[in-house]
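> have a look; sequence and predicted model below, questions after that.
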Amino acid sequence: MRGYTERTKKLREESVSAQPRISLERALLETEFYQEYYGKVETPILRAMNFKNYMEKRKLYIGEGELIVGEKSEAPQVAPTFPELCAHTVEDMTVMSERKYINFKTTEEERIIQVERILPYWEKRSTRDKILGSMTQEWKDCYAAGMFTEFMEQRAPGHTVADDKFYHKGFLDFKKEIEEAIDDLDFLNDAEAYDKKSQLEAMAISCDAIIVYGQRYATYARELAEKETDQKRKEELLWVAHNCDVVPAHKPETYAQALQMYWFVHIGVTTEVNTWDAFSPGRLDQYLYPFYKKEFEAGTIDYDKARELMECLWIKFNNQPAPPKVGITLKESATYTDFANLNTGGINPYTGENGVNDVSYIILDTMDEMKLLQPSSNVQISRKTPDEFLKRAVEISRKGWGQPAFYNTEELIQELINAGKSFEDARFGGSSGCVETGCHGREAYVLTGYLNVPKIFELTMNNGFDKYTNKQIGIKTGNPEDFKSYDELQNAFFKQLEYIINVKIRGNNVIEKIFAEHMPTPFMSVLTTGCKENGKDYNAGGSKYNTRYIQVVGIGTITDCLASVKYNVYEQKRFTMKELLAAIDANFAGYEMIHNLVLNHTPKYGNDDDYADNIMLDVFANVRDRIRGRKSVCKGTYQIDMLPTTCHVYFGSVMTASANGRLKEKPVTDGISPEKGADTNGPTAVLKSCAKMDHTSTGGTLLNQKFTPSSIAGQNGIDNVSALIRSYFEMNGHHIQFNVVDRQTLMDAQKHPDEYKDLIVRVAGYSDLFNNLEKALQDEIIARTEQAFN
Amino acid sequence: MNKANVFNIQKFSVHDGPGIRTTVFFKGCPLNCLWCHNPESQNSKKQILLDGSKCVLCGTCVKLCPQGAVKIENNVPVTDMGKCTGCRQCEIYCIPVARQVAGREYTVEEVVKEVMKDEVFYKQSGGGVTLSGGEPLIQIDFLEELLVKLKEKNIHTAVDTCGAVNFENIRRISDYTDVFLYDIKLMDDKKHTEFTGVSNKLILDNLRRLSEVHENINLRMPIIEGVNADVNHIEKTIDFIRGLNVFSINLLPYHDIAKHKYKELNINYDEDKMSKPSDEKMQNFKETFEKEGYKVKIGG
């Protein structure tokens, strides 16, 4: 059993062995509340009161031995539901209970409650219904064909990451500031003053909500202490009660209170609405260190105590599965992981010095010991980061389950500055969720959906016709057999690209409006700088910075497809476009020579070969420039990310074969990784190819590298992987992560899942249990090129 | 313009000298070691590797060869290497991927361009470029020019040599080589001749002379059960290198992963005569060297 102490061993075991299930407590409280108040108060106030109602009435949970308290629902591994966003049908509830992967148990009784008490109110009222009812036919066709996905289809905008503000102030302080802002409103000259007032009042109510929650926990812990016969536990419960007296109402005074403060805030954000991507502590080591240092010097804490408390927090993260997803949203993000992400190391955001401190090592040790899927842990490596820290992180990463991932501090800061953020704010930046970058605590950076770029090329090769849905869904860009040159083909592709991006962004604008008007998040607004100052909600563009991301998927596949046509059809003239199209239609059956040529004897991305890499640069710049810098309706600025989660598997599954030899329905490439089997020149060539794109003009890129365990054994292995990371970062690479497990083990695990219950692999910007992945994704991970040290 | 026949440029090479390196494998070797794990390195000319288990005798190679160099004889496609220009058409159009042309002519500029691609990794890891083979020193004019160019660019250089060349060749590159990876196979001359085809006199003599002009010599010793995996060989080696500038030793246990290449080249492989030495034995040899104060590593 894993755990630094008996307590954390036991708590961890409870967390990993519980079967995820749903609870309708939140849905019921919310439905009753809406039935009484909807239409009687302004929407922001309605949302804040709804949040407070839940915090006042919900069941509390303090597990045996717990030191940090608070759950999203009634107990560990229980997920609340959010009918205001997505009212699950009975069929949905049956599917989520019975499906093989990522299941949530639901009972017959719950299904009856859903039908009788919840669905009748929320049908046609949920944002999902509103969104699907507002989309154009073009959007619906593209969505059905898998041209793109939509993050907000059944979840709310996510991605707030904590900065340091609630370690310096309590929610009573925040409330006071909000009340002052209300007093300062200019009702004579400011036409928006009334709207601002209800937004600010809503924020003040949400402060009350979290304070009530903390007070209830203090009371509950004292009740339990009263009944407790074990003297030691009794004292612990009183200690917990005292911590809850202090936070969240007041600023934390101790290391333990700082952790408890974070956790209350986390629960607040993730129960106010169902944000995709929970909430992230951001630069936790930087924020906790002053508390640790003060107590360490006073002799009131030592490594052991600090470590145990950190493990308690880790288990809390793992207790919260992402609320159940259905349909395409499940396909794009098929995981329990709720994408809470930590950035450890990097630079000190206040001074710019090396940021690695004692708490950074406590976090690494905790990550290593706990080996949990959540939180998704990463390290920031700066030029100032000591080798000792990098190598300790590599040592953990080498164990093969994908954590920590590695991020480049200088590059992150440059990305943020390039996107118009101030240097001071950029230093508080980092990644969250997966690999996407933002200024923590100051920015709403909303991921809006994945874009299937290889399929846009597939449409181009079919004059806009989609063979998966048998519909003309793109524009007519011409029959490729008539194209005289590669340039003609490329231009047609770019036209098609422009069209699909416009369909996506038009839909985004409507969805953004729906959330701004119907689904404000006053609690999140309290936490995000700018919302109070602007008197505007987080979902309405109130934050200091507002970014809208589109995640570009399949750069490897699209590059190889274009390289293949350019090289084979137009330059070497090995076969004609007509022959290639026939081969693709036949899934290469009967066209083995063409398949051999495109697969084995054509320049490919990932080999540090300028022929293919220049095509990648061309596509990259064209996609980016069609998205980056565009304005959204709520003052957001568009930006791209190069990350897939599990969407590359879904995107591939709705496609025919490709010009690069990829077979029908097989996954497209993940992140910025090369096509499986295409990178034959080793890891340095992969890193060189990947570094050619200008990462600093994106909001994050994701690179997977797989190694066999024997290939990185010994001190040399650690030194070499460290050098690879430093080199990639010197070339401005954004992120790299490793899977260290051999093909044989994975294949065996697929055959004998029972023997590999704890096998964790890196998927995209997160790790998951191998057994939780659907077969297509398992196959895809097995097929990722394994780099062996010769 | 100097040109050399190279059969592989291996990126991310981490067992041929310090750090992350690129290893350039030259074709052609004066030795003919029984256990050679790069049999395609021995012959200085181009060769065809043919995987008979994959070949389906479709005849595409025969049809496509612009020189008419390929014929099917006794159900095997046979290539007249005298006619082959190395155009690789037979390799590219081979659907079952059964053919591979080993060896390609490179200019110094081409090699420099290729190896400089990984400069950033050399700097971060303390790595560089290793010139290996085959025997790089038999293409000495090319090698010297290449090394001079790499040193101009401040790249760490290693030369992996069997030592069986004119000492003048070694002397010419000595100043541009940061580390010599010097192979010692057998101390017993009779056995050396039997297993490698040449006497070890020149090799040992050159090592002594190299030690007088160079400080950084890393000894590479393949250890093969059935050939040299005995204490006698180790002790004789120690006697010989005592007082020389050998700073570290790599003991390389025999493995037979190159077996398939012999088959593809249609060369006999005497696998019965050789086997992998036990881990325990390797450990003992390592300790024997360590007692003498050497830094020793098992493996590359």
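Yes, it's here. Numbering: from 1, shown residues only, chains lettered A, B, ... in the order given.

> now for the chain, the helix or strand with the poorest mean pLDDT.
This is for chain A. In chain A, the helix or strand scored least confidently by mean pLDDT, DSSP states H and E is strand A:786-787, which has a mean of 62.

> I was thinking of chain B, sorry if that wasn't clear
Per-SSE averages on chain B (mean pLDDT, DSSP H and E): minimum helix B:259-265, a mean of 87.

> hmm, the helix or strand just after that helix in reach of chain A?
Per DSSP states H and E, helix B:259-265 leads on to helix B:279-291 as the next helix or strand towards the C-terminus. No. Remark: helix B:279-291 sits outside contact range of chain A, by CB under 8 Å from any CB of the partner chain, the gap being at least 14.6 Å. No exception for glycine: its C-beta is placed from N, CA and C like everyone else's.

> by contact count, what packs against helix B:279-291?
Contacts defined by 3 or more CB pairs under 8 Å, 6 or more residues apart in numbering or on different chains; DSSP states H and E place helix B:279-291 against strand B:217-223, helix B:231-241, strand B:246-253, strand B:295-298.

> nearest to residue A:35, out of those?
Residue A:35 sits nearest to strand B:295-298 of all these, at 75.0 Å, using CB to CB.

> return the set of buried residues in the closest one.
residue B:296 (16 or more other CB atoms under 10 Å in any protein chain shown).

> C-terminal to the longest strand seen in chain B, what's the next element?
Looking across chain B with DSSP state E, the single longest strand is strand B:3-13. Next helix or strand after strand B:3-13 toward the C-terminus (DSSP H and E): strand B:21-26.

> next, the angle strand B:3-13 makes with that following strand.
With axes from the mean of the first three to the mean of the last three CA atoms, to 10 degrees applied, the angle from strand B:21-26 to strand B:3-13 works out at 150 degrees.

> the helix or strand just after strand B:21-26 close to chain A?
Counting by DSSP H and E, the next helix or strand C-terminal to strand B:21-26 is strand B:47-50. No. Using CB under 8 Å from any CB, strand B:47-50 stays clear of chain A, with a minimum separation of 15.1 Å.

> pLDDT on strand B:47-50, on average?
The average pLDDT for strand B:47-50 rounds to 93.

> now the least confident helix or strand of chain B: buried residues?
B:261, B:262, B:263, B:264, B:265.

> okay if I get these as JSON lines plus distance to chain A?
Below are these laid out as JSON lines (distance: CB to the nearest CB, whole Å):
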{"residue": "B:261", "distance to chain A": "15"}
{"residue": "B:262", "distance to chain A": "19"}
{"residue": "B:263", "distance to chain A": "21"}
{"residue": "B:264", "distance to chain A": "17"}
{"residue": "B:265", "distance to chain A": "20"}
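
> name all residues that make contact with the nearest residue to residue A:767 once chain neighbours are set aside.
Excluding the flanking residues, the one nearest residue A:767 by CB to CB, 6 or more residues apart in numbering or on different chains is residue A:402, at 3.8 Å. Residue A:402 is in contact with A:737, A:738, A:739, A:760, A:761, A:762, A:763, A:766, A:767, counting by CB atoms under 8 Å, 6 or more residues apart in numbering or on different chains.

> related to what we said a few turns ago, who are the packing partners of the least confident helix or strand of chain B?
strand B:47-50.

> gap between the helix or strand that the strand it packs on is followed by and the chain center?
Counting by DSSP H and E, the element after strand B:47-50 in chain order, helix or strand, is helix B:60-64. How far helix B:60-64 lies from its chain's middle: 32 Å, per CA atoms, centre = their mean, to the nearest Å.

> can you give me the buried ones in helix B:60-64?
B:60, B:61, B:62.

> at the geometric centre of the chain, which residue sits there?
In the absence of a named chain, this looks at chain A. For chain A, residue A:433 is the residue whose C-alpha lies nearest the centre (CA atoms, centre = their mean; 2.9 Å).

> my question was about chain B, not that one.
Taking CA atoms, centre = their mean, chain B has its central residue at residue B:133, 3.1 Å away.

> quick one, phi psi at it?
Main-chain dihedrals, residue B:133, degrees, to the nearest 10: phi -170, psi -140.

> ok, now the one 4 residues further on?
Dihedral pair for residue B:137: phi -70, psi -10, per degrees, to the nearest 10.

> so residue B:3 versus chain A, what's the distance?
Distance, residue B:3 to chain A, using CB to the nearest CB, to the nearest Å: 22 Å.

> who is the closest residue in space to that residue that isn't next to it in sequence paired with across the strands?
Sequence neighbours aside, residue B:105 is the residue nearest to residue B:3 in space, at 4.9 Å (criterion: CB to CB, 6+ apart). Taking DSSP bridges as the rule, residue B:105 bridges to residue B:5.

> show the pLDDT at residue B:105.
In this model, residue B:105 carries a pLDDT of 94.

> what number of residues lie near it?
Using other CB atoms under 10 Å in any protein chain shown, residue B:105 is surrounded by 12 other residues.

> tell me the contacts of it?
By CB under 8 Å, 6+ apart, the contact list for residue B:105 reads B:3, B:4, B:5, B:6, B:86.

> check residue A:759 too.
By CB under 8 Å, 6+ apart, the contact set of residue A:759 is A:401, A:741, A:745, A:749, A:769, A:770, A:771.

> wait, the second one touches residue A:710, no?
No. When contacts are counted by CB atoms under 8 Å, residue A:741 is not listed as touching residue A:710 (11.3 Å).

> neighbour count winner among the two?
Counted by other CB under 10 Å, residue A:741 and residue A:710 do not tie: residue A:741 has more neighbours, with 25 against 12.

> what number of residues are in the vicinity of the nearest residue to that one once chain neighbours are set aside?
Spatial nearest neighbour of residue A:741, chain neighbours left out: residue A:400 (4.7 Å); criterion: CB to CB, 6+ apart. Residue A:400 has 23 neighbours, counted by other CB under 10 Å.

> what does residue A:400 show for phi and psi?
Dihedral pair for residue A:400: phi 100, psi 0, per degrees, to the nearest 10.

> cool, residue A:744 as well?
phi -60, psi -40.

> ditto for the one 10 residues further on
Backbone geometry at residue A:754, expressed as degrees, to the nearest 10, gives phi -60, psi -30.

> what do you get for residue B:109?
Torsion angles, degrees, to the nearest 10, at residue B:109: phi -60, psi -40.

> ok, which stretches of the stretch 51-200 of chain B are helices?
Using DSSP state H, counting those that start in this stretch, the helices of the stretch 51-200 of chain B run over B:60-64, B:89-92, B:108-116, B:119-125, B:140-152, B:167-174, B:189-196.

> number of residues surrounding the closest residue to chain B within chain A?
Going by CB to the nearest CB, chain B is nearest to residue A:723 of chain A, at 3.4 Å. Residues contacting residue A:723 under the criterion other CB under 10 Å number 24.

> where does it fall, secondary structure wise?
Short version, using DSSP H and E: residue A:723 is in helix A:714-730.

> on contacts alone, who are the packing partners of the first helix or strand past that helix going along the chain?
Heading C-terminal from helix A:714-730, the first helix or strand you meet, by DSSP H and E, is strand A:735-740. With contacts defined as 3+ CB pairs under 8 Å, 6+ apart, strand A:735-740 has these neighbours: helix A:387-397, strand A:405-408, strand A:704-707, helix A:714-730, strand A:760-762.

> save those as TSV, and put in mean pLDDT too.
Shown next, in TSV, are the helices and strands packed on strand A:735-740 (pLDDT from 0 to 100):
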stretch	mean pLDDT
helix A:387-397	96
strand A:405-408	96
strand A:704-707	82
helix A:714-730	94
strand A:760-762	77
